[in-house]
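Asks: Sequence and predicted structure are below.
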Amino acid sequence: MANGNGLTAAEMIAAIEKAQGFVSKAAEFCGVSRQTFYKYLKKYATVKQALEDIREKRHDFVELKLMKAIENGNMTAIIFYLKTQCKHRGYIERQQFDLNIGELDAAIERELARVADKGKD
């Protein structure tokens, strides 16, 4: 797509639509590198907005698929939703560490002594 004068906003938007908002693929469709595509993206506010709009549309599509999976009783989808969207209700994964502070202090002291002894050599 790229011509001697560079990319036009219309060419970029068409490529972004075809690539469903994936910039690397859109750049490939335009025949330019991803870096060049981003350079032109900064140049055209309309292209930047189109990219955001297309990505939002893609996100809506995927969220709809997730909700359909939840409606169908897909336990993985249900757990994923709860862990990502219901943290405020306590649906978070926690890692619990039972530390014995005395043992930890002793281990730190041993390591510091070892390092100090090593520095004397």
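Replies: Here it is on my side, so go on.

Asks: any weak-confidence spans in this structure?
Replies: Counting by pLDDT under 70, the ranges of the chain that qualify are 1-5, 95-97, 121.

Asks: since we're on Met12, how many residues are nearby?
Replies: Met12 has 28 neighbours, counted by other C-beta atoms under 10 Å. (Each C-beta comes from the backbone N, C-alpha and C, glycine too.)

Asks: Return the distance of the one helix or strand it maps to from the chain's centre.
Replies: According to DSSP states H and E, Met12 maps onto helix 9-18. Here helix 9-18 is found 23 Å from its chain centre; the criterion is C-alpha atoms, centre = their mean, to the nearest Å.

Asks: Next: stretch 18-28.
Replies: The answer for stretch 18-28 is 16 Å, by C-alpha atoms, centre = their mean.

Asks: Okay, and Arg114 sits in which element?
Replies: Assigned by DSSP H and E, Arg114 belongs to helix 101-119.
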